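turn this into a model:
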Amino acid sequence: MTTTSKPIRQGPYRHQVSWFDGTRSIITQSATKPMAALALALALAACDTPSKPRVEPASTWEIGPVIRGKNYSVAMPLTPAAHDDGVSFDFGPGQSPHYVTQAAQPLTGKHLIRLRFRTEGSPIIGSKCGSGTATVYLEKRGNDWAHDGGRWWATFSSVTLGEPGAYEIVAPLDGPWTSVSTMTATASPAEFQAAKDTASRIGFTLGNCEGFGHGITTSTGTARVVVTYFGVE
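Numbers count the residues shown, from 1 in each chain. Okay, here's the model as predicted:
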């Protein structure tokens, strides 16, 4: 599920293995050995089976942002919990997750960031107003939470949250990303390239009508977000 949203000004915070050469000769040589041939066939089939969606361990994620010792997510644990399908976090009235990020390597030469997740339990709303949203995010090394160009959002691929459901966000790194204030990747390509080349954190943010990173909550009951895949491709 992918929707397009207009940028909102942000607030003050923060193998598959392929066998080519020799495959045919290996199978031919094994043809006189049925069990070996069967084992080889199964191994080759396994190589063509997509691997299970991947998420880094819960301990590598931060539910924040934490700025000068203060966590701007409200009444949330610092990290998500391990889950059979990836990582997860729960929240209800009086709680509000804002940024869900992890340390990053430079994104030079990378093509996109992909996020898959599902929501369970109570419907999700914006913590201050409007609907809840989820948006892929990257942060430049040296971001000081005061100047423009340190934080960027794939606002063009944001999704709106509500009733429980499954979502996938694909954020091409050559897309029209927007900064925390007035920059766009289209109008300020050098600044966005610098952010990609020196990326220090990546992940996603949860927002409302005030901003893409200003938090979500529920009106009643508990909701759960389960991240099933997050990767740079």
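
care to break the chain down by domain?
15-51, 58-232 (automatic domain parsing).

could you look over these and pick the most buried one?
Between the domains of the chain, domain 58-232 has the highest mean count of neighbours, a mean of 19, where neighbours are mean count of other C-beta atoms under 10 Å. Any C-beta I mention is one placed from the backbone N, CA and C, and that applies to glycine too.

what stretches of this structure score poorly on pLDDT?
Counting by pLDDT under 70, the chain contains low-confidence residues at 1-53.

any idea which element T160 lies in?
strand 159-161 (DSSP states H and E).

given that strand, what are its sheet partners and their directions?
Note on strand 159-161: by DSSP bridges, its sheet partners are strand 132-140 (antiparallel).

return the strand it pairs with as CSV; C-alpha atoms alone will do.
The C-alpha coordinates for strand 132-140 follow below in CSV (Å, rounded to 0.1, in the frame of the first residue of the first chain):
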residue,chain,number,x,y,z
GLY,A,132,-0.9,8.5,11.3
THR,A,133,1.8,8.1,8.7
ALA,A,134,5.0,6.1,8.1
THR,A,135,7.9,7.5,6.0
VAL,A,136,11.3,6.2,5.2
TYR,A,137,14.0,8.5,6.6
LEU,A,138,17.8,9.1,6.4
GLU,A,139,20.1,11.3,8.6
LYS,A,140,23.4,12.9,7.6
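
partner strands of the helix or strand just after that strand and their direction?
Sequence order places strand 151-153 as the next helix or strand after strand 132-140, per DSSP H and E. With DSSP bridges as the test, strand 151-153 is paired with strand 132-140 (antiparallel), strand 178-179 (antiparallel).

now render these as TSV, adding distance to V170.
Shown next, in TSV, are the strands paired with strand 151-153 (distance: least, C-beta to C-beta, whole Å):
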stretch	distance to V170
strand 132-140	9
strand 178-179	17
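
ok, which of those strands comes nearest A104?
Smallest distance to A104 across the strands paired with strand 151-153 (C-beta to C-beta): 7.1 Å, for strand 132-140.

how distant is that closest one from the center of its chain?
The chain centroid and the centroid of strand 132-140 are separated by 8 Å under C-alpha atoms, centre = their mean, to the nearest Å.

stretch 186-198 now?
The answer for stretch 186-198 is 20 Å, by C-alpha atoms, centre = their mean.
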